[in-house]
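>>> 3D, please:
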Amino acid sequence: MTWIRTIGLEEATGRLARSYRAAVERAGRVFGIVRAMSLHPPVLDASMGLYRAIMKDGADEPGDLSLRQRELLATVVSRANDCHY
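Next up, the predicted model:
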């Protein structure tokens, strides 16, 4: 198993602390997938921006998948890939 050094919530400062606060506001905690990018906050922010664009912002056109459908699809793909995220 691979181990990635991460920065914990209590150690985070600056940009990372802001990203962690946003994660807590959004999901109630900081998930491991977010902590895995903690050593490079610009990558974390870009990744979360991509996630929001795909999952939240893209459901504006008629015929688009709903957020519920997008989340279900993401869950099925993660399961098929044996990934708990």
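
>>> Every contact and neighbour count from this point should use C-alpha atoms.
Will do.

>>> and residue 68, how far is that from residue 48?
Distance, residue 68 to residue 48, by Cα to Cα, to the nearest Å: 18 Å.

>>> Please disregard the earlier target; I meant residue 12.
Distance from residue 12 to residue 48, counting by Cα to Cα: 17 Å.

>>> do residue 28 as well
15 Å.

>>> what about the two, which has more around it?
Using other Cα atoms under 10 Å as the criterion, residue 28 and residue 48 rank with residue 48 on top: 15 against 10.

>>> That one sits in which helix or strand?
helix 41-55 (DSSP states H and E).

>>> Now do the buried residues in that helix.
Across helix 41-55, burial judged by 16 or more other Cα atoms under 10 Å covers 41, 44, 45, 55.

>>> could I get those as CSV with pLDDT?
Shown next, in CSV, are these (pLDDT from 0 to 100):
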residue, pLDDT
41, 96
44, 97
45, 96
55, 83
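
>>> so can I have a markdown table of those residues showing distance to residue 75?
Listed next are the buried residues of helix 41-55 as a markdown table, based on distance: Cα to Cα, whole Å:
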| residue | distance to residue 75 |
| --- | --- |
| 41 | 25 |
| 44 | 21 |
| 45 | 22 |
| 55 | 12 |
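
>>> Residue 41 against residue 15, yeah?
Yes: the criterion here is Cα atoms under 8 Å, and residue 41 meets it with residue 15 at 6.6 Å.

>>> next SSE after the helix holding residue 48?
Once helix 41-55 ends, the next helix or strand along the chain (criterion: DSSP H and E) is helix 67-80.

>>> Against which helices or strands is that next one packed?
Applying 3 or more Cα pairs under 8 Å, 6 or more residues apart in numbering; DSSP states H and E, one finds that helix 67-80 makes contact with helix 41-55.

>>> how much does the helix it packs on deviate in direction from helix 67-80?
Counting by axes from the mean of the first three to the mean of the last three Cα atoms, to 10 degrees, helix 41-55 lies at 120 degrees to helix 67-80.
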